[in-house]
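K.L.:
coords please:
(one chain, ligands or ions: 1)
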Amino acid sequence: MDEVSVTKLTFSHGPGVAPSLVDISLNLPTGSRTILIGANGAGKSTLLQILAGKRLITANGADVRIKGKDVFREYPHGVTFLGTEWYDYISSSPKNASLRASASRAMNPVVRGDIVVSQFLDSVGGYRYKERRDRLLDILDVDLDWHMHAISDGERRRVQLVMGLMQAFDVLLLDEVTVDLDVLVRDDLLKFLKEDSESRGATIIYATHIYDGLNDFPTHIAHMRLGAFVTQPTPWSSSHATAVATFGARTLYDVALQWLKDDRDFRRNLEKSGRKARGARIDVVPSDSETFYKKYDYAH
Ligand SMILES: Nc1ncnc2c1ncn2[C@@H]1O[C@H](COP(=O)(O)OP(=O)(O)OP(=O)(O)O)[C@@H](O)[C@H]1O
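P.N.:
As a prediction, the model looks like this:
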């Protein structure tokens, strides 16, 4: 049985809004580590949020399962979603529903308040996972005596990651959260996640735009464009020869670059055939906003 399986998933963010995911299907084996690659807006976060049970889908024939369980009916234990919000970090397990609810109300003021990291981590159950928490404190180089209101964004992110990862997961849904980590901490974190996945058979899906230092991490890579897979999750090998044979490029970075160039060409072709274009506009008539702001521009 696949650890994660999705069949015929189409999802729109609202009535009348164009779908962000179109007829997605995927199957990921236990212990796999998949990198989702795609331009901004490709649908990576939406897919991860649906897998995390954070977005409801209408009954349109889609089937979304983790560990064999339908994520909308019987949410499986052991799934962790790490996004950019603090309350994302409380495990999706129903056991934590009340903690998640209070976290979503109270977390943002708390994490910027005058609370010491050790107390903060205990307040979200850190004492239950001491051994793993301590390992993460070392890896993420976090000082238990830091005051949450007096640390940098990157340091706050590190505390956030300790909190999110201290409970062992079976499936980790990771929506780019390493952007403000320094490269050494990021590298140590990726090593930890890889080792953790290998030793416990945990499955990871990771959406990112940072491919440096990631070549040895995934077991699979996938390419999303306009809410669909252009390349389904496909086994990845860090051997240059195998990567060239399968994907036509030597490194993950080169593969991603090629895929994103393909995406841009694809979009430009769509624009040529009538889709609304992006980028600078060569308007002859000034827009209403330009006329308005020019009129009240006292700087000149
Ligand atoms: N809350 C929302 N309401 C309406 N549309 C949304 C909402 N969130 C995302 N979308 C749209 O859904 C599409 C997919 O967005 P999504 O955030 O999943 O992309 P992504 O691949 O994660 O992008 P990025 O790399 O920028 O994070 C985009 O076209 C986006 O405009």
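K.L.:
Quick check, central residue of the chain?
P.N.:
Taking Cα atoms, centre = their mean, the centroid of the chain lies closest to residue 175, which sits 1.1 Å from it.
K.L.:
Wait, it touches residue 207, no?
P.N.:
Yes. Judged on Cβ atoms under 8 Å, residue 175 makes contact with residue 207 at a distance of 5.2 Å. For the C-beta atoms, the positions are set from N, CA and C on the backbone; glycine is no exception.
K.L.:
so what's in contact with these two at the same time?
P.N.:
Shared contacts of residue 175 and residue 207, defined by Cβ atoms under 8 Å, 6 or more residues apart in numbering, are found at 44-45, 48.
K.L.:
Name the member of those with the most neighbours.
P.N.:
residue 44 (26 neighbours; other Cβ atoms under 10 Å).
K.L.:
For that residue, list the residues it contacts.
P.N.:
36, 38, 175, 207, 224.
K.L.:
excluding its backbone neighbours, what's nearest the residue nearest to the centre of the chain?
P.N.:
residue 83 (4.5 Å; Cβ to Cβ, 6 or more residues apart in numbering).
K.L.:
In this structure the one you found contacts residue 177, no?
P.N.:
Yes. When contacts are counted by Cβ under 8 Å, residue 83 is listed as touching residue 177 (7.0 Å).
K.L.:
Check the gap between the closest residue to residue 264 other than its chain neighbours and the ligand for me.
P.N.:
Closest residue in space to residue 264, ignoring its immediate chain neighbours: residue 39 at 7.5 Å, by Cβ to Cβ, 6+ apart. In this view, residue 39 and the ligand are 7 Å apart by Cβ to the nearest ligand atom, to the nearest Å.
K.L.:
Check which helix or strand residue 39 maps to.
P.N.:
Taking DSSP states H and E as the definition, residue 39 sits outside all helices and strands.
K.L.:
And the strands in this protein, which stretches?
P.N.:
Counting by DSSP state E, the chain has strands at residues 4-11, 21-28, 33-37, 63-66, 69-70, 79-82, 171-175, 203-207, 220-225, 228-235.
K.L.:
I'd like the ones you listed as a markdown table, with mean pLDDT and distance to residue 154 appended.
P.N.:
Below are the strands of the chain laid out as a markdown table (pLDDT from 0 to 100; distance: least, Cβ to Cβ, whole Å):
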| stretch | mean pLDDT | distance to residue 154 |
| --- | --- | --- |
| strand 4-11 | 94 | 30 |
| strand 21-28 | 95 | 30 |
| strand 33-37 | 98 | 22 |
| strand 63-66 | 93 | 31 |
| strand 69-70 | 92 | 36 |
| strand 79-82 | 93 | 15 |
| strand 171-175 | 96 | 17 |
| strand 203-207 | 97 | 19 |
| strand 220-225 | 97 | 27 |
| strand 228-235 | 96 | 30 |
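K.L.:
Can you tell me which of the ones you listed is nearest to residue 268?
P.N.:
The closest of the strands of the chain to residue 268 is strand 220-225. By Cβ to Cβ, the value is 13.1 Å.
K.L.:
Walk me through which strands the closest one pairs with, and which way each runs.
P.N.:
Its sheet considered, strand 220-225 pairs with strand 33-37 (parallel), strand 228-235 (antiparallel) by DSSP bridges.
K.L.:
coming back round to it: what residues does the residue nearest to residue 175 make contact with?
P.N.:
45, 48-49, 175, 177.
K.L.:
dump the residue contacts of the residue nearest to residue 264.
P.N.:
Taking Cβ under 8 Å, 6+ apart, we find residue 39 in contact with 225, 260, 263-264.
K.L.:
sorry, back to before: mind checking pLDDT for the residue nearest to residue 175?
P.N.:
As predicted, residue 83 sits at a pLDDT of 86.
K.L.:
I'd like to know how far the residue nearest to the centre of the chain sits from residue 229.
P.N.:
17 Å (Cβ to Cβ, to the nearest Å).
K.L.:
and stretch 116-126, which residues are buried?
P.N.:
117-118, 120-121, 124-126 (16 or more other Cβ atoms under 10 Å).
K.L.:
before we move on, what about stretch 171-179?
P.N.:
For stretch 171-179, by 16+ other Cβ under 10 Å, it's 171-178.
K.L.:
go on, stretch 32-49?
P.N.:
32-39, 42-49.
K.L.:
Could you work out the end-to-end span of it for me?
P.N.:
Start-to-end span of stretch 32-49 (Cα to Cα, to the nearest Å) is 19 Å.
K.L.:
Off-centre distance for that stretch?
P.N.:
7 Å (Cα atoms, centre = their mean, to the nearest Å).
K.L.:
The ligand contacts on the stretch 201-300 of the chain?
P.N.:
residue 207 (Cβ under 6 Å from any ligand atom).
K.L.:
Can you pull out the low-pLDDT segments for the protein?
P.N.:
Along the chain, the model assigns pLDDT under 70 to residues 59, 85-111, 276-284, 300.
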